[in-house]
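[1] next input, structure requested:
(one chain, ligands or ions: 1)
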Amino acid sequence: MRFLELCNVLQAIEKTSSQLAMQDALARFLARAPATDIGMVCHIILGEIASEFEDVNLGIAEKTLIPAIAHAALTEEKAIAGMFKKKGDIGLVAADRIDSKGSLSIREVFDTLHTIANTTGSGSQAEKTKKLESLLRKCSPIEARYLCRLVVGNLRLGAGTMTTLSALAIAYGGGKDGKFDLEAAYNICPDIGIIAETLARKGLKGIRNIGVVVGRPVRSMLAQRVSDISEITARMKTIVCEEKYDGERVQVHKRGERIWLFSRRMEDITNQYPDIVEAVRTQIRGKSFVIEGEAVAVDSKGNLLPFQHVMQRRRKHDVAAYAAKIPVCLFVFDCLSYNGNTLIGADLLVRRKQLEKTVKESSRLKLAKQLVTTGLSDVEEFFNVSIEHGSEGIMAKKGDPGSAYQAGTRGWNWIKWKREYAHNLRDTFDVVIVGAYRGRGKRAGGYGALLCAVYNEHEDRYETLCKLGSGFTDADLVALPKRLDRYMSLIQPKNVVCTPAMKPDVWFSPKVVCEIVGAELTNSPIHTASASDGIGLALRFPRLMRFRNDKDASQATTTDELRAMVKKRFH
Ligand code: ATP
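    Numbers count the residues shown, from 1 in each chain. The predicted model follows:
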């Protein structure tokens, strides 16, 4: 299929602000995309050339593209750089300067970008520029526009995974049920390319057969929260209490000699934890498996240390030195597949049994501490002991029949009960930064406050909740541009909903997540979170707690969760 055909659809999508129109346009296109190309098409719609877990990184910033565009357009680099400064969108610059006939196929674009991603070592930057230049020479203006945006990772379409899955459901039938099956399959196989190609080749039957594959991360099951600990006994009969360790979630995959570690965002973090890899190799029996646990920093006596410590292990350099300086213990709590058998449909206690049979404990790798009970007083006692032990609280997991692993879902099979809730401290929210306001006075020259949003899963978009200006250290403020500017957009991203009153000085594509506390949720006409009749929810007195590099935007607090919090307060 020609790249131009795809670009024409991308343009149509970019022009519409209606989610439904976007979905329909996508669906019509996907219905006629050949099975050989549909996987690539879906990746490109999401602004990527591979799934996140594949760690395919183009490593190209606008600065690298400027010489490629200049050479392809036979213009001076200075002129292109000047134009980019004015327009702020490298795609528009390229479209303005490049005007060939447009002879690229989607396959050629995709394969060349993969070759570019695999180009490493000395001289690789020049090599990448050359390959980009050769692609650009074959581009019509519209192709140049989307190719350049794709390359820098900012397509500006506002079409997320959920919209693409809905479009696939429309294109290949199945309606609501089809969408449900597609979402369930995506939670087990978070690779939109595989999902789309399986659907096109084998229909919904093929989609329902998608299972856990070692080496391909499964989207994590998440926990609900309650406002009173007694709700736990109301929601489940057999309560499997586990400590809620305050560390980094790790999904361990092993096949033969090969071991992978994936983060909660499904990044491959194997190289960061050579100590965990070694512990898995020597302490977990089995030819192949997928196991989950929490990696927690520990001191020399084995005491648990808070989250900030383990976060220092997130590094590419000095890995061995930091492994010695900040040792970790992996507390394993789930088993998703073992020796070729998928276990996500099995009940929790069956999965735990498998772990108990398989894991040999040491100070580096242990089973999560567990208590199975039906009584609230046991749960409370377990919570108190867990807090004393240095955990964040407890996870109460359903131990009754029907306690499958619900991939990618925040369901009632897992409930978290944390220290903060017990002490009636203020709620925390994970919000996505979608804009910033320029600073004044002490903060002049940088950002003074950030516009934060929550995620609306139904509409696949981000709705504003608050303007965040406090809780930043001086170092946080200095680091903000470095953290945010690569996601900057001169126009409002299409998947961000904001009222004119809150319009920020700069917009960001929703990527960066931070955790905040706030005093109170109120109704507000200037925020759009969970809005009805023009009145949204706003968080008063927000304060930054920490950045959540371990979360991506779609894992932020959702509008459904907000609504549930409000409901609890008033009933
Ligand atoms: P929070 O911000 O409260 O940590 P979250 O949004 O990161 O929550 P939740 O689904 O609310 O994630 O809580 C589950 C997280 O708790 C898991 O992602 C995991 O990292 C951590 N965790 C710690 N101990 C356990 C355990 N025993 N079982 C499951 N998850 C655990």
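
[2] for the closest residue to residue 518 other than its chain neighbours, give me phi and psi.
    Of all residues not flanking residue 518 in the chain, residue 539 sits nearest, at 3.8 Å (CB to CB, 6 or more residues apart in numbering). Just so you know, the C-beta spots here come from the backbone N, C-alpha and C atoms, and that holds for glycine as well. When quoted as degrees, to the nearest 10, the phi and psi of residue 539 stand at phi -100, psi 130.

[3] quickly list what residue 539 is bridged to.
    Residue 539 forms beta bridges with residue 521, as assigned by DSSP bridges.

[4] which ones are touching it?
    Taking CB atoms under 8 Å, 6 or more residues apart in numbering, we find residue 539 in contact with 429, 465-466, 516, 518-521.

[5] again, 6 Å this time
    Applying CB atoms under 6 Å, 6 or more residues apart in numbering, we find residue 539 in contact with 465-466, 518, 521.

[6] check residue 496 too.
    434, 462.

[7] now do residue 489, the pLDDT please.
    In this model, residue 489 is scored at 85, pLDDT.

[8] tell me how many other residues crowd the residue nearest to it when sequence neighbours are not counted.
    Nearest non-adjacent residue to residue 489, counting by CB to CB, 6+ apart: residue 507, 4.5 Å away. Look at residue 507: counted by other CB atoms under 10 Å, it has 20 neighbours.

[9] counting by contacts, list what the helix or strand containing residue 507 packs against.
    Residue 507 belongs to strand 506-508 when elements are defined using DSSP states H and E. Applying 3 or more CB pairs under 6 Å, 6 or more residues apart in numbering; DSSP states H and E, one finds that strand 506-508 makes contact with strand 428-438, strand 488-489.

[10] which SSE is immediately downstream of that strand?
    With DSSP H and E, the next secondary element past strand 506-508 is strand 513-517.

[11] report the angle between that next one and strand 428-438.
    110 degrees (axes from the mean of the first three to the mean of the last three CA atoms, to 10 degrees).

[12] tell me if strand 513-517 is near the ligand.
    No - under the criterion of CB under 6 Å from any ligand atom, the ligand is not reached by strand 513-517; the shortest gap measures 6.7 Å.

[13] make 9 the starting number, not 1.
    With the count now opening at 9, the last piece we talked about shows up as strand 521-525.

[14] now do that strand, average pLDDT.
    Here the average pLDDT along strand 521-525 is 94.

[15] so what are the sheet partners of that strand and their directions?
    Strand 521-525 pairs in its sheet with strand 436-446 (antiparallel), strand 551-555 (antiparallel), by DSSP bridges.

[16] return the set of buried residues in that strand.
    By 16 or more other CB atoms under 10 Å, the buried positions in strand 521-525 come out as 521-525.

[17] check stretch 25-44 too.
    Those buried within stretch 25-44 under the rule 16+ other CB under 10 Å are 27, 30-35, 37-38, 41.

[18] just to check, the residue nearest to residue 497 is in contact with residue 495?
    No - taking contacts as CB atoms under 6 Å, residue 515 lies outside contact range of residue 495: 8.8 Å.

[19] could you count how many residues lie near residue 135?
    Neighbours around residue 135, by other CB under 10 Å: 15.

[20] secondary structure element for it, which one?
    Going by DSSP H and E, residue 135 is part of helix 132-144.

[21] other SSEs contacting that helix?
    helix 70-80, helix 114-126.

[22] which of those sits most buried?
    helix 70-80 (a mean of 21; mean count of other CB atoms under 10 Å).

[23] now the following helix or strand past that one: buried residues?
    For helix 70-80, the following helix or strand on the C-terminal side (DSSP H and E) is helix 85-95. Buried residues in helix 85-95, counted by 16+ other CB under 10 Å: 88-89, 91-92.

[24] what does stretch 264-274 give?
    For stretch 264-274, a neighbour-count test (16+ other CB under 10 Å) marks 267-274 as buried.

[25] between which two of the residues you listed is the distance greatest?
    The span of the buried residues of stretch 264-274, defined through CB to CB, is set by 267 and 273 at 18.9 Å.

[26] residue 198: how many residues sit nearby?
    20.

[27] give me the element it is part of.
    Counting by DSSP H and E, residue 198 is found in no helix or strand.

[28] in contact with it, which residues?
    Applying CB under 6 Å, 6+ apart to residue 198 gives the contacts residue 227.

[29] what do you get if the cut-off is 10 Å, keeping everything else the same?
    Contacts of residue 198 were listed using CB atoms under 10 Å, 6 or more residues apart in numbering, and they are 59-61, 169, 224-227, 274, 415-416.

[30] before we move on, what about residue 387?
    237-238, 240-241, 247, 249, 379, 381, 402, 404, 425 are the contacts of residue 387 under CB under 10 Å, 6+ apart.

[31] from those, pick the one nearest residue 115.
    Nearest member of the contacts of residue 387 to residue 115, counting by CB to CB, is residue 404, at 49.9 Å.

[32] hang on, the earlier thing: now, which of the buried residues of strand 521-525 sits nearest the ligand?
    Checking the buried residues of strand 521-525 against the ligand by CB to the nearest ligand atom gives residue 523 as the nearest, at 6.7 Å.

[33] where's that closest one relative to residue 436, distance?
    Applying CB to CB, to the nearest Å, the value for residue 523 to residue 436 is 5 Å.

[34] and residue 88, by the same measure?
    From residue 88 across to residue 436, the span is 45 Å (CB to CB).

[35] show me the shaky parts of the stretch 9-158 of the chain.
    The stretch 9-158 of the chain contains no residues with pLDDT under 70.
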